[in-house]
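K.L.:
sequence first, then the predicted structure, then my questions.
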Amino acid sequence: MRAISVKLHKGGLHMENKIIRYKEERRIIRKAMERKKLVLFIGAGTSLDSGMPSWNKAVNKIANCLGITTQDDDNLKIPQYYYNSRGKKEYVELMREIFRYDEELEITDVHRQIIQFNTSTIITTNYDNLIEKAAAENGEFIQVISQDKELPYRTAEKEIIKMHGDFEHDNFVLKEDDYLHYSSNFKLIETYIKSLIANNTVLFIGYSYNDPDVKQIFTWVKDILGKDFQRAYMLEVCDSYNVNKYEYFRNLGVNVLYLTEAIKGGESIGPSERLQLFLEYILSEEKSDNLIDEIYEYLKPFSEMNYTWSKYVVRAFQKYGIRIHNGNMEFYSYYGKKEEKASIELLETIMQKEGTDVDYEQKKNVIRSILIKSSVRNVIINEKKKDRPIGLEKTKFVVEEHEVAPYINAVLEFDYEKMRQMRDENEINLTEEVPHLYLQQAYLCYVLEEYNKSYRYLRAASKIFYKKKMYIWYFISEMNRVHIGNMVELRFGGTNECDKIKQEIKNIDLDKTFSKIPDLGNDRNQFLRDLYTFQLNYVLFQDTYLQTQKVEQEAKTLYTIYGGIPEYVTLRSHIQDYNLYEMSNYIMRDCYKEDIEIYRLYARGIIKSVCSGDKKTEQEHEGFDSGNVRAAYLDTFDIYIILRYMRQKELETLLKDNSSGKILLAESGSEYLATIIPRLYKPWSNSNEAFWVLVTLIVDIKINEFIAEKIINEFIKNLTTYDIRVYKALIIRVLLAMFNQKVMECNVNVIQPIMKQLIDKFIMLLGTEKIEMQFVHNLLHHCIYVYKESFGVFESYELDKIMDYKFRTILVDIYTYCDDNTQRKIKVVLKKWKINNNFEEVSVYEKMLTNNIISPINKIERWIIENIDTIKTKKSAYESVINSLTSLYLQEKIVNKEKIQQIVLQSNIKVYQWLVDMVQFDYSTFEISWLKNCTPPLLFDIAQHPVVWKNINEILVEAFKQEEKDEKILSIYFKYFASYSNMDSIEDK
């Protein structure tokens, strides 16, 4: 360690002096300070510059009042003489005058330095309040304890023990009787001070050889502990080294540090200046010329952790121009400057495993181990060489791959069975020798939603970490206890265990715990503060938001030439890195919105990028990408984040707004889905959101037969009536997606029987009245439709369970999809059908006609014609009837055609008016969106009529001119209205 140079500015005088001794003592004192194991003893010497008398001057003043002279051993007797001769009243008045009680004294730099030590306990034999004033100036609250009865009521994080009392309480210790009866008058304070000295490093400031306090205090400790006491240090600012006195105090357990010899040129400056210089020397952090030391000091706490977030590695290296991007730690040297050479040397030194300095090599090993436990995979030096006029010479060091723990792989793959197995197998190995295993157990239980068990493991882990002084892990465990305890309260509030946990977490003060942790490095444990205050999340959320904005912008922008790393790649790397940091270090808080929103923000950004589709520029440039820049597919990590953190409705809306075709998965993505599908539905959980998010995602991806088979099997195995009620539309969508992608036909032997099992399950639930018809009607209809179109007519004995008139609406819908025998059974049931003067039955009548179950019935039509006006005020019912009549009119399944047409035309519902009279319709009120609801046969018929074709064609062309473009409308236009065989051109007609 190099000598520290400190400049002193006092009274306009500028001096520069170097500390040349006591470097090891400084290290020990600083280490104790950082670990919150330093206790300061403050004597009269610290207040001399504020106008307070020294011990000897105070005694001399008392002696002068008595008219006697003092001897070296009279320091306690003379105050006693005065008390004996003058009595208590005059004695107290004189002492208050000598020690300037009630006078406003100025604090000095020494008092400010004392506060900067940031110790929990300061003990003083002074009567003044200068230290309290210095604390207040620094915005700190410090509790004063000057009598026994105050000691049990300590509440502040910092305290000053006035072991000799004070004038406020009239219990100041000064005369001989006070010292002789000290143990009885200050019984608790004495015991407390002895315990502090026995368990901490003590630094005496402002004392001299002649102070009786020093001898008294260390006689206590030596008597109690013998040779096992904690050695203390005393700063001697006046006297030079004296071997006899040094050995005398050393025998009492005190190492005396002589500041006249510690400071170069110390004899030429006063005692106060010496003290300030030495205190500054202790307080100032050591600045090393060695860059390795600086990086080591910043990163060393992470050597205890399982994984280091790259943000912290970046902060350690960025001041040297070294950047980290997508797994590469790189430095570019263009000019060969001194600073550039220093950075190159730094990287080369870290990565090269050679050297003779054991301490130095150990620090390098620690840094390398931290890089291994981070996202850094390569260290690259890009250097301009004189013999290479073009380009940079690249030197590359490969960083060993970080091995992901098995429990993390189980979490990433939603392998709950494996997690349970690991949890059970770990149980036998739980001992105090492997405290981290308790954290792993807690994390596994957290993911398994066993929050009570998780909390119990954390409680045990905290005790062990505290006992072993493993400060980082103790803090993480306590932080997790708070998070998990809150979840227990939310989930199991009211139970006895919950009430106990609630009280326990109420007593956990993370601010206080953090303040008591020793300074382990990383800017005074900043990484822990970032964690428990969620500052880390706030910063990351902002970064992620800005990155997702860039990702979306790159996906929308057409680049003629694009160079560099796409933003989505960087974003994916950052989020993956953060996720690994959380999981590897058992940080259990991804159920909090501060964490969840980061992952959801990422998921939205990457989905939008994938869904944006390829956009190309007109000009291609060889060797460069052109067009937009987007993620081509979702990889396994993307899928994991989507399933774990997104909500089903959120994903559904996102895909609806952004999908421009099927989403592609990475090659491993389909295999990953096939693996995790059977694991996602959790009957033991309160929520199966992840499963339904998966189903929503599958609707928009390219489905293969393996995914289809597993999803259908999961429906058969797990679907509850609740699921059907809530997700019936989604189940229909995923089955139609499989059908539309012709997946059903890929493996008929496997998929046909399980599709039949699924339909039978729905029929059974309906037939046994375990679910209401309204929830399963449409679902059953679509399932049988898909089955019929994929495998042929549907037949099943289970259908007998719903061969009942009350299920007539379903039977009508599935009629055409069933085998002949089933159709005959349905007809038998429907023979009982009557309209019963009920307009709700009109839709059943329409479907029976549409499916050719019956022929048009004139009696029913007449009843409709005669009574239609009675429901005009019931908008929904009226429109439903008009819709059915229009459908039958277009199918030509009407007996009273003209009358029915008139009813529709008088309905004032434009779309139905157009459908029953396209030629005479007023096309100024036509809406092109109507075309999207027309069937292909109807569109074909429309296109065959010249007048109708011309009107619609002109409307479409005008809409396109106004840039009103809809993909489905465009498709309809080009298929049915862009040309007409009987017309030469649009202009001719």
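P.N.:
Happy to help now that I have it. Numbers count the residues shown, from 1 in each chain.

K.L.:
residue ranges in the stretch 551-700 of the chain under the pLDDT threshold?
P.N.:
Low-confidence segments of the stretch 551-700 of the chain (pLDDT under 70): 617-625, 659-660.

K.L.:
can you do 80?
P.N.:
Applying pLDDT under 80 to the stretch 551-700 of the chain flags residues 561-563, 616-626, 659-661.

K.L.:
cool, and the stretch 51-200 of the chain?
P.N.:
Regions of the stretch 51-200 of the chain meeting the criterion pLDDT under 80 cover residues 70-75, 153-156, 198.

K.L.:
for the stretch 1-150 of the chain, which segments count as helices?
P.N.:
Assigned by DSSP state H, counting those that start in this stretch, the stretch 1-150 of the chain shows helices spanning 23-34, 55-66, 77-98, 109-116, 130-137.

K.L.:
same for the first one, what does it pack against?
P.N.:
Yep, that's helix 23-34 we're talking about. Counting contacts by 3 or more Cβ pairs under 8 Å, 6 or more residues apart in numbering; DSSP states H and E, helix 23-34 is packed against strand 201-205, helix 271-283. All C-beta spots, glycine's among them, are computed from the backbone N, C-alpha and C.

K.L.:
helix or strand right after the last one?
P.N.:
The element immediately downstream of helix 271-283 (helix or strand, assigned by DSSP states H and E) is helix 291-299.

K.L.:
any idea how far that following helix is from the chain center?
P.N.:
How far helix 291-299 lies from its chain's middle: 27 Å, per Cα atoms, centre = their mean, to the nearest Å.

K.L.:
and Ile295, how far from Ser310?
P.N.:
Distance, Ile295 to Ser310, using Cβ to Cβ, to the nearest Å: 14 Å.

K.L.:
what's Val916 in contact with, if anything?
P.N.:
Counting by Cβ atoms under 8 Å, 6 or more residues apart in numbering, Val916 touches Thr886, Tyr889, Leu890, Gln901, Val904, Leu905.

K.L.:
of those, select the buried ones using a PyMOL command.
P.N.:
To isolate the buried members of the contacts of Val916 in PyMOL, using 16 or more other Cβ atoms under 10 Å:
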select buried, resi 886+889+890+901+904
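
K.L.:
rebuild the contacts of Val916 as JSON lines, extending it with secondary structure.
P.N.:
Listed next are these as JSON lines, based on DSSP: H, G, I helix; E, B strand; the rest coil:
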{"residue": "Thr886", "secondary structure": "helix"}
{"residue": "Tyr889", "secondary structure": "helix"}
{"residue": "Leu890", "secondary structure": "helix"}
{"residue": "Gln901", "secondary structure": "helix"}
{"residue": "Val904", "secondary structure": "helix"}
{"residue": "Leu905", "secondary structure": "helix"}
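
K.L.:
could you chop the protein up by domain?
P.N.:
5-51+106-283, 53-98, 291-398, 408-520, 534-702, 714-817, 833-916, 918-989 (automatic domain parsing).

K.L.:
of all the ones you listed, which one comes closest to Phe527?
P.N.:
With respect to Phe527, and counting by Cβ to Cβ, the nearest of those is domain 291-398 at 6.1 Å.

K.L.:
tell me the mean pLDDT over that closest one?
P.N.:
Mean pLDDT, domain 291-398: 82.

K.L.:
how long is it from one end to the other?
P.N.:
For domain 291-398, the first-to-last residue distance is 21 Å (Cα to Cα, to the nearest Å).

K.L.:
mind listing what's buried in stretch 191-211?
P.N.:
Here stretch 191-211 shows 192-194, 196-197, 200-208, 211 as buried, counting by 16+ other Cβ under 10 Å.

K.L.:
which helix or strand contains the spatially most central residue of the chain?
P.N.:
Among the residues of the chain, the one closest to the centroid is Asp595, at 3.0 Å (Cα atoms, centre = their mean). In this structure, Asp595 sits in helix 593-611 according to DSSP H and E.

K.L.:
list the helices and strands the helix or strand containing Ala555 packs on?
P.N.:
Following DSSP H and E, one finds Ala555 within helix 535-556. Using 3+ Cβ pairs under 8 Å, 6+ apart as the contact test, the elements touching helix 535-556 are helix 522-532, helix 567-584, helix 593-611.

K.L.:
now tabulate those helices in TSV and tack on distance to Asp869.
P.N.:
Below are these laid out as TSV (distance: least, Cβ to Cβ, whole Å):
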stretch	distance to Asp869
helix 522-532	72
helix 567-584	61
helix 593-611	50
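
K.L.:
what comes up buried for stretch 915-924?
P.N.:
Of the residues in stretch 915-924, Leu915, Val916, Met918, Phe921 count as buried by neighbour count, 16+ other Cβ under 10 Å.

K.L.:
those in helices, which ones?
P.N.:
Among the buried residues of stretch 915-924, the members found in helices (DSSP state H) are Leu915, Val916.
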